[in-house]
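Next come a sequence and a model predicted from it.
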Protein chains: 2
Amino acid sequence: MNYNNLDTVDAFSKLKKQKVTDIKAALTKDRVESYMINAGGGFSYNYAAMPVDDHIIDILQDLCEEQELVAKYKSLLGGSVINLGEKRQVLHQLLRGSVLSQKVMVDGEDKGLFYANVNQKIASFSEKIRNGEIKGSTGKPFTTICQIGIGGSDLGPRALYLALKGYCTGTNLKQLEGKFISNVDPDDAAEVLSHLDMETTLFVLVSKSGTTLETLTNRDLVLSKMRQCNVPGFNPARHFVAVTSKTSPLASSHDVLDSFYIDNYIGGRYSATSAVGGVILSCTFGYEVFEKVLEGAHEVDVLSLEPDIRKNASMMAAALGIYLRNILSLPTLAILPYSQALSRFPAHLQQLAMESNGKHVNRFGEKINYSTEPVIFGEPGTNGQHSFYQLLHQGTDITPIDFIGFGESQRGMDGEVEGSTSQQKLVANLVAQIVAFLQGQENDNPNKRFEGNRYSSLMVAKRLTPKSLGALLSHYENTVMFQGFLWNINSFDQEGVQLGKTLATKVLKGCEGDEVLMAYLKLFHA
Amino acid sequence: MNYNNLDTVDAFSKLKKQKVTDIKAALTKDRVESYMINAGGGFSYNYAAMPVDDHIIDILQDLCEEQELVAKYKSLLGGSVINLGEKRQVLHQLLRGSVLSQKVMVDGEDKGLFYANVNQKIASFSEKIRNGEIKGSTGKPFTTICQIGIGGSDLGPRALYLALKGYCTGTNLKQLEGKFISNVDPDDAAEVLSHLDMETTLFVLVSKSGTTLETLTNRDLVLSKMRQCNVPGFNPARHFVAVTSKTSPLASSHDVLDSFYIDNYIGGRYSATSAVGGVILSCTFGYEVFEKVLEGAHEVDVLSLEPDIRKNASMMAAALGIYLRNILSLPTLAILPYSQALSRFPAHLQQLAMESNGKHVNRFGEKINYSTEPVIFGEPGTNGQHSFYQLLHQGTDITPIDFIGFGESQRGMDGEVEGSTSQQKLVANLVAQIVAFLQGQENDNPNKRFEGNRYSSLMVAKRLTPKSLGALLSHYENTVMFQGFLWNINSFDQEGVQLGKTLATKVLKGCEGDEVLMAYLKLFHA
């Protein structure tokens, strides 16, 4: 396998000579219909409003071939040590099933079997929680599942939980309430705990290492609150489960009812489809819902093997991202889901993409000379339209956009006002924005002029279901992976978070004579 | 008054020759202690980790003088037509009290008196809601206040509500529950309504024009849900109040219990301290809490008159922002509050800043040739540390940061783990990040190297209270206003939102033969 920096690749040199920026006239009905890829799980990926033409797409195809995207993906799937810095395999796709139908043996263990066994355990445990076979220590059935975790143990699971709540309400599935505590700020736990009944709440402690500062601290806050629970027979240990690695101090603890294992080959930001997401989603909505998420994700994992960029949505999205970032020099990306259920999905993608590819060295640890991950932000539409869209339309920089939308609402509670339903209005606004951003509008008054050529892509499906949600998640995970291959960086480590941790420990030890730290600390107690 | 483009101003030319980028060595104890300004409401603004020196600050002072920031602010306060595009006065500071102690007469009305009267009405109404003098139509006291509004009628009030909830829990103030419906996505209303008891809920309909699509649509969804409420005597009109302009169709409606007025001189994104925020905050927490927010905001409005940039925090923040954006060419800004209570404050600031100053024309409607508002994003710390901080530390671009932090938690529910409380850990992490970002760290392994010179400012107060929250809000409002003056743009119109609205209407009318719109629409019903 060749691991080359982006700026050493022939296709990249060709691409630099092919800048297309004005595509207003190119946006036709035919283009909308043809610049489209089956993205899995019922999704289509449409890139008609992206600043490319067929010739550029051909070069992007060359680029993906030169950088051996599919071969590297297969190598990852096969269990090679892709995470070179930490010397680890990267196996999150295997959580959803075997893509290459070959066993992946790591540490003498069949990893596919290991993940499948954890899922079986989740299925059985969650069923018992839901049917009341496992009850709280005072004999009451559990009504609430509260996850304690931060980063990947919070953002992904929370985004998925919120995304599925409406879908499950639309069915007749029994729902338990899901809650999340993440921040070390004690006001976070205090707010969440103020609404919980300790007797009917099961806490899911999530930390791969079992040593995450925020998570252990919040567990202890919960424990001290539990001690105030004076109901006879109340036993804290029967209100905790752990999601952790086999070797972590949490795993063997007598302080938890049960443990569900993850391992070093599942990065935090890629762990939503592991037990990290699986336990809470299965307990609140049922394992069959979580299984559908896995099914949608797996479908995309299979589609991502396709070598033709015009048939591989996550590869196309990855290559277009490189074009926007490294050829057109655009430093930001807005992710705008027209779905309130996806309100926290952009926050998950911030971690997924910015922590994976916000790097300044290549996979061998050598400094690189081109830009990597842009800044990602986003809020659901139509809300964003009444907020920052002014800048997107008429600001001085161009911000490319990922739109996400659905034909139908999740719950079907809707009504007609002025001749259209809310869902129709939502879709109309999304369609209108794509075209408004791209085509713009002339006006003699520059203040009413829209320059257009504000590029966007669209992920569109009939409805946000567990399966389409899984596909959407995996689409982004694989896009991030392919972009890492294109940039020749390691998308699976995160050395950039270490220094802050080290210095925080120093501050907690009294600053060890560091006058600058002490001066800042003093400001908080003036 | 001179209204000149930024690139025509002498001080700006001087500034371009004064680029300072490496300030690692400059960050000393003395600098931390001296690069600091009383920012009002108990806040200090610290800019020690900003890439400036005394000489540059002198030039920034000249820039503010040449652009006549204080004179323009006084002109705005005095009631001049600052919003030239829409030919309107800009009076949101007057909501908090008279800064110049002179009457502002508009449309033959003493506007200070008008706003004070609305506040009196809010005080009296909210007291009656809270003590049960005004009850729901079936005789039950109100327990929940649900705001229906979008954009400025949602983001600011929601951010403030969440920011005050913990504070009020820490006191013994009676609390009513606050809820918000904003998105035209019917799943938004469906989710919120699924938790409400119609008999005990008061809905606050917020729309200045009384014609906002999303808000009227959501009102009708609520009304249709109310019709399913078969309790004898239930009367929807007694469960609605309106916050709207005197002349709006909502104001005179018999379908509401009462109306609270706003006017054309309060832009949506500047309306959090008007009845738009006042009604829900006063009903849920008590008018005295809202009054403290106004007091904190007013204190900052007065401090903002100070001509010396070293004593005027919002002017300093504004000028530093220009330096980062137009001299150092940095296209983004992260806003990172170390406070879970401020979880939605960055979303409010996205609207405030990006809708105000995301413009490509000057205040006279002429195209300008320099960058304006950067893209703003943010999540609370320490959560963000486990997410996108990797990119902030080791990405290829520099993202400047606004940190916000507090010495004490809001609720005081805390406990010691491994020798420190959660709040101490939170503060230690914030302090550590400021220093880690700026000083970086050498390492022979480039993957473990932190280049440093990642700039930040810090707004720090003892505790997040109604008063300090009001100050924080106003600090940002005035920063945005001053930046508008520096860029010579109109921060108070939003022409960029029109085209999308027009095209959405076209789509709802069947696309009127526009093939591109039709092709996109078809994707949603494939």
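Thanks, I have the structure now.

In contact with residue A:413: list those residues for me.
Applying C-beta atoms under 8 Å, 6 or more residues apart in numbering or on different chains to residue A:413 gives the contacts B:186-187, B:189-190, B:193, B:221, B:225. Any C-beta I mention is one placed from the backbone N, CA and C, and that applies to glycine too.

hmm, the lowest-mean-pLDDT helix or strand in chain A touching chain B?
One helix or strand of chain A scores below all others by mean pLDDT, DSSP states H and E: strand A:416-417, with a mean of 90. Yes. Judged by C-beta under 8 Å from any C-beta of the partner chain, strand A:416-417 comes into contact with chain B at residue A:417.

Name the secondary structure element that contains the closest residue to residue A:428 other than its chain neighbours.
Distances taken as C-beta to C-beta, 6 or more residues apart in numbering or on different chains put residue B:507 closest to residue A:428, at 3.9 Å, once the chain neighbours are dropped. Using DSSP states H and E, residue B:507 falls within helix B:498-508.

Need the residues that contact that helix.
For helix B:498-508, contacts defined as C-beta under 8 Å, 6+ apart pick out A:385, A:389, A:393, A:419-420, A:424-425, A:427-429, A:431-433, A:435-436, A:440-441, A:448, A:450, B:512, B:514, B:517, B:521.

Buried residues in that helix, which are they?
For helix B:498-508, the neighbour count (16 or more other C-beta atoms under 10 Å in any protein chain shown) marks B:498-500, B:503-504, B:506-508 as buried.

Next: stretch A:89-107.
A:89-100, A:104, A:106.

Would you check which of those residues are in contact with chain B?
Okay, of the buried residues of stretch A:89-107, nothing touches chain B (C-beta under 8 Å from any C-beta).

which one of those sits closest to residue B:459?
Using C-beta to C-beta, residue A:92 is the member of the buried residues of stretch A:89-107 that lies nearest residue B:459, at 38.6 Å.

Is the closest one in contact with residue A:267, as I believe?
Yes. With contact defined as C-beta atoms under 8 Å, residue A:92 reaches residue A:267; the gap is 7.0 Å.

which residues touch residue A:212?
Contacts of residue A:212 (C-beta under 8 Å, 6+ apart): A:149-150, A:153.

Go through these and single out the one with the most neighbours.
Highest neighbour count within the contacts of residue A:212, by other C-beta atoms under 10 Å in any protein chain shown: residue A:153, with 31 neighbours.

Run a quick neighbour tally on the residue in the stretch 51-200 of chain A that chain B sits nearest to.
Chain B sits closest to residue A:151 of the stretch 51-200 of chain A, with a gap of 2.8 Å, by C-beta to the nearest C-beta. The local packing of residue A:151 (other C-beta under 10 Å) involves 27 other residues.

ok, now which ones touch the residue nearest to it when sequence neighbours are not counted?
Among residues not flanking residue A:151 along the chain, residue B:386 sits closest, at 2.8 Å (C-beta to C-beta, 6+ apart). Residues in contact with residue B:386 (C-beta under 8 Å, 6+ apart) are A:150-152, A:154, A:214, A:268, A:351, A:497.

Quick check on those: which are buried?
A:150-152, A:154, A:214, A:268, A:351, A:497.

pretty sure residue A:376 belongs to a helix, no?
No. Counting by DSSP: H, G, I helix; E, B strand; the rest coil, residue A:376 is located in no helix; its state is strand.

That one contacts residue A:325, doesn't it?
No. Using C-beta under 8 Å, residue A:376 makes no contact with residue A:325, being 11.5 Å away.

so of the buried residues of stretch A:89-107, which ones are in helices?
Applying DSSP state H to the buried residues of stretch A:89-107, no entry is found in helices.

Need those residues in a markdown table (columns: pLDDT).
What follows is the buried residues of stretch A:89-107, written out as a markdown table (pLDDT from 0 to 100):
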| residue | pLDDT |
| --- | --- |
| A:89 | 97 |
| A:90 | 98 |
| A:91 | 98 |
| A:92 | 98 |
| A:93 | 98 |
| A:94 | 98 |
| A:95 | 98 |
| A:96 | 97 |
| A:97 | 96 |
| A:98 | 96 |
| A:99 | 97 |
| A:100 | 96 |
| A:104 | 97 |
| A:106 | 96 |
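
Could you measure from the residue nearest to residue A:448 when sequence neighbours are not counted over to residue A:520?
The spatial neighbour of residue A:448 that comes closest, neighbours along the chain excluded (C-beta to C-beta, 6+ apart), is residue B:495 at 5.3 Å. In this view, residue B:495 and residue A:520 are 42 Å apart by C-beta to C-beta, to the nearest Å.

ok, these two, which is more surrounded?
Set residue B:495 next to residue A:520 and count neighbours by other C-beta under 10 Å: residue A:520 wins out with 29 against 22.

Export the buried ones among the contacts of residue B:386 as JSON lines, with columns for secondary structure and pLDDT.
Listed next are the buried ones among the contacts of residue B:386 as JSON lines, based on DSSP: H, G, I helix; E, B strand; the rest coil; pLDDT from 0 to 100:
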{"residue": "A:150", "secondary structure": "coil", "pLDDT": "96"}
{"residue": "A:151", "secondary structure": "helix", "pLDDT": "96"}
{"residue": "A:152", "secondary structure": "helix", "pLDDT": "97"}
{"residue": "A:154", "secondary structure": "coil", "pLDDT": "98"}
{"residue": "A:214", "secondary structure": "helix", "pLDDT": "90"}
{"residue": "A:268", "secondary structure": "helix", "pLDDT": "97"}
{"residue": "A:351", "secondary structure": "helix", "pLDDT": "98"}
{"residue": "A:497", "secondary structure": "helix", "pLDDT": "93"}
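
related to what we said a few turns ago, doesn't residue A:269 make contact with the residue of the stretch 51-200 of chain A closest to chain B?
Yes. Shown here, residue A:151 and residue A:269 form a contact pair, counting by C-beta under 8 Å, at 7.2 Å.

next structured bit after the helix or strand where residue A:288 lies?
Under the criterion of DSSP H and E, residue A:288 resides in helix A:287-303. As assigned by DSSP H and E, the chain's next helix or strand after helix A:287-303 is helix A:313-322.

Beyond that next one, next helix or strand please.
strand A:332-337.

just checking, what packs against the helix or strand following that next one?
For strand A:332-337, the succeeding helix or strand toward the C-terminus, using DSSP H and E, is helix A:345-349. The contact analysis (3 or more C-beta pairs under 8 Å, 6 or more residues apart in numbering or on different chains; DSSP states H and E) places helix A:345-349 against helix A:155-170, strand A:332-337, strand A:375-377.

The first one: how far from the chain's middle?
On the basis of C-alpha atoms, centre = their mean, to the nearest Å, the separation between the geometric centre of helix A:155-170 and that of its chain is 13 Å.

Can you dump the C-alpha atoms of it in CSV for me?
What follows is helix A:155-170, C-alpha atoms only, in CSV (Å, rounded to 0.1, in the frame of the first residue of the first chain):
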residue,chain,number,x,y,z
LEU,A,155,-22.4,12.9,21.8
GLY,A,156,-23.1,10.0,19.5
PRO,A,157,-25.4,8.1,21.8
ARG,A,158,-27.3,11.3,22.7
ALA,A,159,-27.7,12.3,19.1
LEU,A,160,-29.0,8.9,18.2
TYR,A,161,-31.3,8.8,21.2
LEU,A,162,-32.9,12.1,20.3
ALA,A,163,-33.1,11.1,16.7
LEU,A,164,-35.0,7.9,17.5
LYS,A,165,-37.4,9.2,20.2
GLY,A,166,-39.9,10.6,17.7
TYR,A,167,-39.8,7.5,15.5
CYS,A,168,-40.4,5.2,18.5
THR,A,169,-43.3,7.4,19.7
GLY,A,170,-44.8,7.0,16.2
